[in-house]
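Engineer: Sharing a model prediction with you, sequence too.
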Amino acid sequence: MESAGGKTGRPPVAIEPMRESDLDAVAAIEAASFERPWSRQSFEAELANSQLASYYVARLEGRVVGYGGIWVVIDDAHVTTLAVDKDYRRMGIAGLLMETLLAQARRRGARRIFLEVRPSNRPARALYRKYGFSVCGVRKRYYQDEDGLVMCKENISGKGAITDEI
């Protein structure tokens, strides 16, 4: 899986399954991106939970520059994390990761997908809207200093609407 390069003259970005050897780079991006970052051990545990979890890295010229992950439980998917190194933002890398997560969710049978985002994180909210997510709820005090917006995208499988089958 690749893209984000080509026409722009930049080298292509490869999206690949996350490996244990990627975890130091992932943990560094995580620590620089979030106030309450996951530990390296948390990512190790996620990689070991392959029945539910799928994690990917974005690699540019061999260097990990972003990552994302989902859980799929029955027909629901949940974006657990998505981040790009600050030096590589606004290059389309987050979009490539989101496309990969959505495709994996569909392959694993998900019909809808959810995520949480800070209301103050306008760039992330704009990315999620671009991919068809909309606000469907609020998690009070999800973050230490603010509520979390729950965003969802229904019918990612392309089959009949969920409510049609209930």
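Structural biologist: Nice, I can see it. Numbering: from 1, shown residues only.

Engineer: looking at it, residue 106 is touching residue 153, isn't it?
Structural biologist: No - judged on CB atoms under 8 Å, residue 106 makes no contact with residue 153 at a distance of 11.0 Å. Backbone N, C-alpha and C define where each C-beta goes, glycine included.

Engineer: neighbour-wise, which of the two wins?
Structural biologist: Between residue 106 and residue 153, residue 153 has the larger neighbour count (other CB atoms under 10 Å), namely 20 against 16.

Engineer: Next, work out how far apart that one and residue 147 are.
Structural biologist: Distance, residue 153 to residue 147, by CB to CB, to the nearest Å: 20 Å.

Engineer: Run through this protein and note the low-pLDDT ranges.
Structural biologist: 1-10, 158-166 (pLDDT under 70).

Engineer: got the residue ranges for the strands in it?
Structural biologist: Assigned by DSSP state E, the chain shows strands spanning 2-3, 13-17, 53-60, 63-73, 76-84, 112-117, 134-139, 148-153.

Engineer: which one of those lies closest to residue 32?
Structural biologist: strand 76-84 (8.4 Å; CB to CB).

Engineer: picking that back up, any chance of the strands of the chain in a markdown table, plus distance to residue 30?
Structural biologist: Listed next are those as a markdown table, based on distance: least, CB to CB, whole Å:
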| stretch | distance to residue 30 |
| --- | --- |
| strand 2-3 | 23 |
| strand 13-17 | 17 |
| strand 53-60 | 12 |
| strand 63-73 | 8 |
| strand 76-84 | 6 |
| strand 112-117 | 16 |
| strand 134-139 | 20 |
| strand 148-153 | 17 |
